[in-house]
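A.B. asks: below are the sequence and a predicted model for it; my questions follow.
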Amino acid sequence: MNNFKMKMNFSDRMFTFTIYVLLSLFFLMILYPLIFILSASISDPSAVVAGKVWLWPVKPTFMGYEAVFKHKLIGSGFLNSIYYTLFGTAINIFMTLLAAYPLSRRDLYGKNVIMFLFVFTTMFSGGLIPGYLLVKDLNMLNTVWAMVLPGALSVWNVIITRTFFQTSLPIELLEAAQIDGCNDFKFVWKIVIPLSGPIIAVITLYYAVDHWNQYFNAMIYLNKQSMYPLQIVLRNILIQNDVNALMLTDIENAAQRDALRVLLKYSLIVVSTLPLMLVYPFVQKHFVKGVMIGSLKG
Amino acid sequence: MKLRLNKIMRVWQLYILLSLPILYIIIFKYVPMYGAQIAFRDFTVSKGMWGSEWVGLKHFIRFIHSYEFGKIIKNTLILNLYNLLAGFPFPLLLALGLNYVRVRWFKKTVQMVTYAPHFISTVVMVGMLFELLDTRNGIVNNLLGLVGIQPINFMGNPDFFKSMFVWSGIWQSAGFSCIIYLAALSSVDPSLHEAALIDGASQRQRMWHIDLPSILPVAIILLILSMGSMLDVGFEKVFLMQNPLNLRTSEVIDTYVYKVGLVSQAMNYSYSAAIGLFKSIVGFILIITVNQIARKTNQASLW
Amino acid sequence: MKFNRNILVAMTLVMLSITILSGCTKSNESKSGEEPNIEPANIVTPAGQMPITKEKTTIRVMVPDNSVVEDFATNEFTKYLEEETNIHIDWDVIPSSSAAEKLNLVLSSGEGLPDVIMGFGMSNSQQMIFGSQGVILPLNDLIEKYGFETKKMFEKLPVVKDSITATDGNIYALPQTNECFHCTLPRRMWIYQPWLDKLDLKMPTTTEEFYQVLKAFKEKDPNGNGKADEIPLSGSPTSFYTSIDSFIMNAFIYNPGGDRVFLEQGKVVVPYDKPEWREGLRFLNKLYKEKLLDPQALTQDGDQLKRLGENPDTAILGSTAAMHMGVFSEFYGSSNRWLEYKTIPPLKGPNGLQIAPLEGYHLVGTGQFLIMKSSKNAEAAFRLADYLYNEEVTLRSTIGRPGIEWVKAEEGELGINGEPAKWKQIADWGGVQNMNWGQTGPSLRTSELRLSEAANPDKPLEIIMYDEAKNNYEPYEQKLENVLPPLFFTNDQAIETADLSKTINDYVNEMVARFTTGDANLDKDWESYIDNLKSMNIDRLLEIYQEAYDNKYKN
């Protein structure tokens, strides 16, 4: 990569400088609110309500986090979410690759028709009720399958994967392999997948985030508390501290719950986002340049 | 005919690969589609799908004839177009910029941090926005005051609504949306860059002629796909940002439907289904049209 | 050309598959709710007797999740009920945030229907729709035969029976009756008493006096910090009764709030197209122009309003409309200002009008208990609901166990209303617990019961609310005959009113804001405002309301 240590001329240096400055500005613009959320989540609720929290926490308290981790379902919620995410994403990647590669081949007869059939489903859907009845009729209610099968494939992700294949798999690669007598199955397994690090990383991230934030499906298809994923548990915690201003009888308690709710708004974001933030560096690794090096020459 | 059969047979393995996804699509997407007819019936839960009375276009007509129809379509379209046009370049630019950076720790940190706002809940997001733009204590008005400008009541001015909505959205999603472009950039053959360097190309030229074209296909595909949701707007965020003064420009299709449903004591499934279908049809026409244009200009296209 | 053909092929495939597949699924779908009503296997004892059935009977109850109830199945009150009545409840708890959707999904699947649907607050229209389709049981006969407590409730509070009877004469759902006295007069204005004291001002009684007080707040620096940072009047369009027209307009014309529909001698009318409304807007506009009304009162949310009330170190909020102090300040907050705001009695307008809007029907929470037609235990289920209206059972259901969560009051203890108390709450609750049902389902809390709770100076809110409502607002309360009772719309009426009222109400609110800020001119733009209302079909809206009212009440 650094074989060519070029001397940057002035315009190049200005360009580089500008880019670093712009990125830093953007970075700060994003960092500040994130710090605010973190600080607010451990500040004294009265201070938050009064607007005293600007950057650093005011009178730190871990009430918000206590409330979250005390909840009896928090452990199972985390575990369930991890399970659904891992299992679901694995299925997703498998299905997406199966669909995206053939569609990226120019010699697939009828590929426009098939593509159309896929895209059509993103625009038109039968709605909530038939979907529910289907899951019920397939006996998937209250099982892990209801969490991973209905969303097994995202046409959107199929399309971007297909685009990736179309633009970064040179046609010469395929031709060379075919000359060597390699069939399509082997080609996919031995060549396409290893070269698709970046796009697989991306769709893994997209699918994983989707599963992790999943709320609605769980609510519709699951009845057993032991199966609830994290988001439902977190939302319940928030609701438990919901104070109906119209029906107050014990205000001291109501005040406490309301205060907790103020903190929870922020601590919930932290709790549910932190795992995703920690996962990200692993995905980043795959955005490494030069994946294609040597593919043609080899 | 024989030629076609030949074509199919040659790539039979590809069809095998496709079989599972197609099976999935049929079971989970096409089978339930019979439910779309709910838009053409007076659906009541107790009568079920087949027992509910068929009323044809009644719900569509109700929607189109409603007093606010023109206003909400206009607001929705303008908001989405604004969002699209303004929001389109930023993830691209961010990806190009990040890709360009050599210092690894800077690149990774910036990437990771900018991807985080995507996960902030809408409620907190709008709350922070209100605080930022507060007429008395908000940072923005304080800064404006420093240069002698009177505090602006952002929330109370209907002309500001769209900008607040769009730019806060860009802030929130640019970091997450640029990921796909980063992936595309990372598969650019470095020998292209090496060749360009030898030819004496500057950084800027290399970015323009090598990096950009490599992510353009993805960008165009995403653009075409987003045409399909031209009449969809993030309901929760608009709803939280509405107030009586800006309602003129902030009422969109989804908030309208929600409020009607809230006020109404009647069952609303068919009505919302009809509006959903209406949105889908418009979006679908848009996708086909834009896709055609993309084909004509020989860029990437869906089909 | 290739493109067109491919699209055609694809679309044909799509159409074909949908048709075929929908044909397949058609035979699979079962019709819902049409099962024969079998004779109850268990004989139900006569009205008023416990236990309800000789043998243990199980009924399935579907209920939305309640954030303060830990687990309905193991709840103390549930156990008590089972012991007393011999009825075992199988609970089907639905997450509350999309309870209505999930309920509809379950009902639409037609199988595994519960015996009872409880706590959903099903709307009147929906009840009628379900009722007319034979999905839920009309309860009139059951009430006649077994309604021991229910009939007593009707006698005590006739308005309850009226509110739950549909236009076809059937009662489809039992209510939760909660006669909260002060909740009937919720539109209040609160003012910061220390500032009145500091500036030696009396509590304003007329709109003119109110104007003078606000001016004094703005100009005379009552918080004593040398800065003109006082905000004489603020509010919020979204929080509880905090909109700017909620309180003030009633000095000019009766403004019931919400849909703003009320009755004048049996005729359904609205106030916002009348000249008196215009005068009220003029007053608001004057306050706005002279910077006495905070511009953010028209846009901010509850959190921002609270920030004003809880301003660190110095008070800056002079007054605001709100139901109670917790809306704009914090109970037991660090500023402790929540106790220093007092209510202003309704202001007297230039025409001598002085009204406190009355929520006369709010005590009836409809749609709380419905019995499915398919239930085999309708009688047992009904008797269970009826039992919940018993006074002691209500206390158990809403508070907890006698002797543990509440006790009978002692001699000399005074109730919230100053009269001798009947009972006293001794446990702290409000968080998640498992002793009571958290106000789910039928219960009967009369005003008498609520106010006979022993006054506890450590829990002052109820007392404050009662006092302020009784002293400052009750004397001016609107007569019940002008308050629009709850109506039962047919599905078609409901659809039409939904469309019209959403558009009209939003427009009225928008114009209140715009006339107030001066963005719309009260002289030049009033005519076009009225014209717009007409073109939004306000006449038709009132017509439908009138029809529904006449259908129910002019029989």
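C.D. replies: Here it is on my side, so go on.

A.B. asks: contacts only, for the residue of the stretch 201-303 of chain B at minimum distance from chain C.
C.D. replies: For the stretch 201-303 of chain B and chain C, the shortest gap (Cβ to the nearest Cβ) falls at residue B:264, measuring 3.0 Å. Every residue, glycine included, has its C-beta placed from N, CA and C. The contact partners of residue B:264, by Cβ atoms under 8 Å, 6 or more residues apart in numbering or on different chains, come to C:125, C:494-495, C:497-499.

A.B. asks: quick check: residue C:319 is in a helix.
C.D. replies: No. Counting by DSSP: H, G, I helix; E, B strand; the rest coil, residue C:319 falls outside a helix, being strand.

A.B. asks: ok, now which ones touch it?
C.D. replies: With contact set as Cβ under 8 Å, 6+ apart, residue C:319 has these partners: C:189-192, C:214, C:217, C:232-234, C:344.

A.B. asks: could you give the bridge partners of it?
C.D. replies: Beta bridges link residue C:319 to residue C:191, residue C:233, judged by DSSP bridges.

A.B. asks: helix/strand/coil for the most centrally placed residue in chain A?
C.D. replies: In chain A, the residue lying closest to the centroid (Cα atoms, centre = their mean) is residue A:209, at 1.6 Å. At residue A:209, secondary structure determined by three-state DSSP is helix.

A.B. asks: quick check, pLDDT for residue 56.
C.D. replies: All of this is about chain A. Looking at residue A:56, its pLDDT stands at 87.

A.B. asks: nope, chain B please
C.D. replies: At residue B:56, the pLDDT recorded in the model is 89.

A.B. asks: my read: it touches residue B:40, true?
C.D. replies: Yes. Counting by Cβ atoms under 8 Å, residue B:56 does reach residue B:40; the two are 5.9 Å apart.

A.B. asks: give me the more crowded residue out of the two.
C.D. replies: The neighbour count for residue B:56 versus residue B:40, taken as other Cβ atoms under 10 Å in any protein chain shown, is higher for residue B:40 (20 against 10).

A.B. asks: pull the number of nearby residues for residue 52.
C.D. replies: With no chain named, the answer covers chain A. Residues within reach of residue A:52, counting by other Cβ under 10 Å, total 18.

A.B. asks: chain B was what I was after
C.D. replies: Using other Cβ under 10 Å, the number of residues around residue B:52 comes to 20.

A.B. asks: show me what contacts it?
C.D. replies: By Cβ under 8 Å, 6+ apart, the neighbours of residue B:52 are B:38, B:41-44, B:270.

A.B. asks: and it, how far is that from residue C:494?
C.D. replies: Note on residue B:52: its distance to residue C:494, by Cβ to Cβ, to the nearest Å, is 16 Å.

A.B. asks: and chain B, which of the contacts of residue B:264 contact it?
C.D. replies: Applying Cβ under 8 Å from any Cβ of the partner chain to the contacts of residue B:264, one finds that C:125, C:494-495, C:497-499 fall near chain B.

A.B. asks: before we move on, what SS does the residue of the stretch 351-500 of chain C found nearest chain B have?
C.D. replies: With Cβ to the nearest Cβ, the shortest gap between the stretch 351-500 of chain C and chain B falls at residue C:498, namely 3.0 Å. Three-state assignment for residue C:498 (three-state DSSP): helix.
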